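*Asks:* predicted model and sequence below, questions to follow.
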Amino acid sequence: MADVFLRHLRKSYNGVNAVEDADFHIRSGEFFTLLGPSGCGKTTTLRMIAGFAYPTSGAILFGDRDVTALAPNKRDIGMVFQNYALFPHLTIGENVAFGLRIRKVSRADQAKRVARALDMVNLSGYEKRRVHEISGGQQQRVALARALVIEPTILLLDEPLSNLDAKLRDDTRSEIKRLQREMSITTIYVTHDQAEAMAVSDRILVMRSGVTQQLDTPQGVYMRPRNRFVAEFIGKHTLFDSKVLSVHGDMVTVALKDGTKLTGYNRNAAEGVSFTLGASVLAAIRPECFEPAGDREENILVGNVLHCEYTGMSAQYLVFTQGKELRATLVGYLPDASDIGRPMRFCVDTQKLYFLPAEDAQ
Amino acid sequence: MTLKQNDARVKTPIANRPWFIYVVLSPIFFVLLGYVIYPLLGVFRDSFFVNGSFSLAYYKRIFNTSGMTNLQAIWNSLYISVLSVICCGIVGTGLAFLLESFEFPGRKALKAFAVIPMALPSLIGAISFDFLYGSTGIIPRGLKAIFGLSAVPFALKGISGVLVVHTFTMYTYFYLPVSAALRNADTSLEEAASGLGASRRQVFGRVRLPMLTPSITAATMLVFMISMASYTAPLIYGIDRTLTMQIVLSRTNGDLGMASAQSTILAMISVFFLVIMRAYEGRRNYSGVSKGSAIHRKEVKGRFTRALTVAGSFLAVLFLMLPIFVIILISFSANGKWTTQVLPPVYTLNHYVDLFTQTKFLLPIKNSLIMSLAAAAGNVVFGVAAAYFMSRRKFAGRGIVDKLIMLPWSLPGTVVGISLIVAFNIPTIFSFGQVWVGTYYILPIAYFVRHLPLVYRSTCASFAQTDASCEEAARGLGANWFFGFFRVVLPMVAGGVASGAILGLVQGVGEFVASILLYTSKSMPISVAINQQMYSFRFGTACAYGTLQIALVAVLLLISERLKGDTASGPI
Ligand SMILES: Nc1ncnc2c1ncn2[C@@H]1O[C@H](COP(=O)(O)OP(=O)(O)OP(=O)(O)O)[C@@H](O)[C@H]1O
Ligand SMILES: [Mg+2]
């Protein structure tokens, strides 16, 4: 049983909160991600779970055991540090065996398990090498092997891919995900890369300045952001101030500042949105909410095309409208080079238009 | 599973309370308080008390214009120090420019030997100069014999002797930083300046010199401080009227209060220059923003000039090595047989045989080794602990701890010696209720205090280069604090620890200034033995000791070089 409970966890440095009231539950065997921009308190949260930082207030429980005051060496965790933190005075084999040595595993067993762990991360036969004799990507995998070989109940990963190039990132990411699934190990993963978080996580906790913004599945945070920050940080939504014009059954029509009318469903709304007539709401549109306008008249947004890129699969437009820049992706559309610099009509998919509470209502 | 928000606060473990770090640090504070602060405050206090009542009598005596001895001593100390700075500056900076700006045959050899004086223990250095260039020295007598003169053509004595010895032993404080600055200097800057039409003199004055100013300023302060603190050279050349000599004389006459007052003045001057030097140290590294091309050295051309430079380099290397040669030579000369001859006439191996067979002669060697090792061991424990907490933990008061550790190193050995006498000629808690003065323990303590920052600084440098999260990684893998510290943290900084410890040993083996104040017949170290042998004209024995000292230092420095190959961290 490796559920992790954070109870009103707070950590302040010199009176400034690095983490505020973190209060959530990480399920046994789950791949859980802490996501947020730099300095939002992800590492601090992870270090409290690992026991390297002591919370200012609140509690941490592993299962029903309160570990808040437990020393890190007694928590049975495996941690991979952002900068690997391999021991430079030991060989790769000795690095991986370190945790086993402490657990008094017999020499023969140690060798076997080290070999297996290195094999798992595709580094068989590297036992005798020194840390500075292998590449950054290999070091990263050694760090992973070192954390996994002790079969910890909880695996903590602090931006483990940040120093790798794009290709290696993808490979290592899938490797981590595969190992996690095979060993069904509770994993807490820290990253500031939303695509990475979406790709591997069972659930994502979005943080900002130490405050929890939203805890949800990848689809949840992507499709149903709870506030402007999550909407912009995760789904790359563009948000427009608008007023509710009319409500017909579950259909809502809003008017943007310049009078443009957009219609969507009232179920596609974050908590706290009120659809009373004349109420202010934010209309949120993701790039893939658009369709080619053709000769349709409803749900049309007009904007000046600033830039257009054709990727084969889709056409990506950068459009200026309502005083801000907006991205629009049209799947299977052939753009016209002469579009640039001209006004163009885009149709917003009624099913995908999303509403957030107006700023002052939050 | 319901927990109230403030539950955790109630059971905050002791190790996570904010004050806990100070409990852990208390041994470090104890050492600093007992062996640095308390003795120095004692000196300060004693300088104001005569027979238990407050009085300015000592200071009145010092600044009394009719007696003059003390004023003259202060004046001499200052005057010698200023001249030493000038001489060292000219020699050190000049040599740096010569070796870094010109390419000539013999350059490499000269460069390698230029740092030899640093390895020479101070007493041996001063004595060798007297043997070589004094009025009965080998060189003046040799010249007299060769040219059939009626008197020696020159002789080093008095203040000129002190100055030459100072220059020889301290020019490296200019030479090393200036040549480093020249090597790191961005020559493209100079090229840019001359490209803009600046003359060579302008380039030098406007571009090169300003870049060197920080290193030259720092070196000036350092040499000034060390000259003020110098005791050995004035002793050998009989300049009684310097502050250090007066302090020792006051102490010998049993006037500890006067010694304290004089020490207070000397300490103030040292600290004043230390503060100035520290202020400049921050701006020391001027290495260019753009990694410019390495300095190109001008090739010396022409057969005649090249031959001249070879001869010059040879002479310079010879000059640098002569002190060591002469000590070795005299170590084989029979005592009392060398009178008016140029070179010792009778040679023998007896001194070495005596040194290693007679307990009386062996004792100082054993003492020096044991006491240096004990002090170095203490420095390792203290230095590693202090460096660990200073580098890896945050706590209020770090700046003060750092300065206190550095303080004894920057104070003259004489002052440290007097302060320990003042502190421990009565029983204190820091001496565990014992009187330490007059016992064996006081000397290793003095070495420990004088060399306090050596291991600390080099270990801090190592810590700065190693990854703090390695310790956490070890803890995360299940290691308790001890296992993590001894198996991960310590091995990672071992290079720095070793180089600091070796430097401490080098200093300990050659220590003289504090030793002469504090030794007892049982704890006499090599340097004091050399001084005694010299005093009773047993030059051979003195030099045999000296040779041994040089050999010890050489071996230690070789080991340190070896270790440096493995780790990049260096001392101070
Ligand atoms: N030891 C510390 N002392 C003081 N402030 C700290 C300390 N550690 C973190 N902070 C502050 O707490 C905040 C959160 O830091 P944290 O390291 O958790 O951010 P992060 O989300 O991991 O950022 P990044 O993505 O850059 O790693 C930051 O504002 C940081 O400056
Ligand atoms: Mg971080």
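*Replies:* It's in. Ligands and ions are numbered 1, 2, ... in the order given.
*Asks:* doesn't residue B:180 lie inside a helix?
*Replies:* Yes: judged by DSSP: H, G, I helix; E, B strand; the rest coil, residue B:180 forms part of a helix.
*Asks:* and it, how far from chain A?
*Replies:* Distance from residue B:180 to chain A, counting by CB to the nearest CB, to the nearest Å: 27 Å. Quick note: C-beta positions are derived from backbone N, CA and C, even for glycine.
*Asks:* burial count for residue B:28?
*Replies:* Residues lying near residue B:28 (other CB atoms under 10 Å in any protein chain shown) number 18.
*Asks:* assign it to helix, strand or coil.
*Replies:* Residue B:28 carries the three-state label helix when classified by three-state DSSP.
*Asks:* OK, contacts around it?
*Replies:* Residues counted as contacts of residue B:28 (CB atoms under 8 Å, 6 or more residues apart in numbering or on different chains) are B:382, B:385-386, B:389, B:401.
*Asks:* what about residue B:459, how many neighbours?
*Replies:* The burial count for residue B:459: 31, using other CB under 10 Å.
*Asks:* of the contacts of residue B:28, just say which sits nearest to residue B:454.
*Replies:* For these, the residue nearest residue B:454 by CB to CB is residue B:382; the value is 10.5 Å.
*Asks:* now name the helix or strand holding that closest one.
*Replies:* helix B:359-392 (DSSP states H and E).
*Asks:* same thing with residue B:456?
*Replies:* helix B:452-465.
*Asks:* just the C-alphas of that helix, formatted as CSV.
*Replies:* C-alpha atoms of helix B:452-465 as CSV (Å, rounded to 0.1, in the frame of the first residue of the first chain):
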residue,chain,number,x,y,z
LEU,B,452,42.9,27.0,11.7
PRO,B,453,41.7,28.0,8.2
LEU,B,454,44.0,25.8,6.1
VAL,B,455,41.8,22.7,6.0
TYR,B,456,38.7,24.7,6.3
ARG,B,457,39.4,26.8,3.2
SER,B,458,40.5,24.0,1.0
THR,B,459,37.6,21.9,2.0
CYS,B,460,35.2,24.7,1.4
ALA,B,461,36.6,25.0,-2.1
SER,B,462,36.0,21.2,-2.6
PHE,B,463,32.4,21.6,-1.3
ALA,B,464,31.8,24.4,-3.8
GLN,B,465,32.8,22.0,-6.6
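*Asks:* format the contacts of residue B:28 as CSV; extra columns: pLDDT.
*Replies:* Shown next, in CSV, are the contacts of residue B:28 (pLDDT from 0 to 100):
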residue, pLDDT
B:382, 95
B:385, 94
B:386, 93
B:389, 92
B:401, 88
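*Asks:* circling back to that earlier point, how about the helix holding residue B:382: buried residues?
*Replies:* B:361, B:363-365, B:367-369, B:371-376, B:378-380, B:382-391 (16 or more other CB atoms under 10 Å in any protein chain shown).
*Asks:* swap in stretch B:74-84?
*Replies:* Those buried within stretch B:74-84 under the rule 16+ other CB under 10 Å are B:74, B:76-78, B:80-81, B:83-84.
*Asks:* which parts of the stretch 351-500 of chain B sit against ligand 1?
*Replies:* Counting by CB under 6 Å from any ligand atom, no position of the stretch 351-500 of chain B is adjacent to ligand 1.
*Asks:* ok, residues contacting stretch A:95-103?
*Replies:* So stretch A:95-103 is contacted by A:73, A:78, A:86-87, A:90, A:109-111, A:113-114, A:117-118, A:127, A:131, A:142, A:145-146, A:149-150, B:474, B:477-479, B:483 (CB under 8 Å, 6+ apart).
*Asks:* one more time with 7 Å, if that's ok
*Replies:* A:86-87, A:110, A:113-114, A:117-118, A:142, A:145-146, A:149-150, B:474, B:477-479, B:483 (CB atoms under 7 Å, 6 or more residues apart in numbering or on different chains).
*Asks:* cool, and stretch B:144-164?
*Replies:* B:80, B:83-84, B:87, B:129, B:133-135, B:137, B:140-141, B:143, B:233-234, B:237, B:239, B:342.
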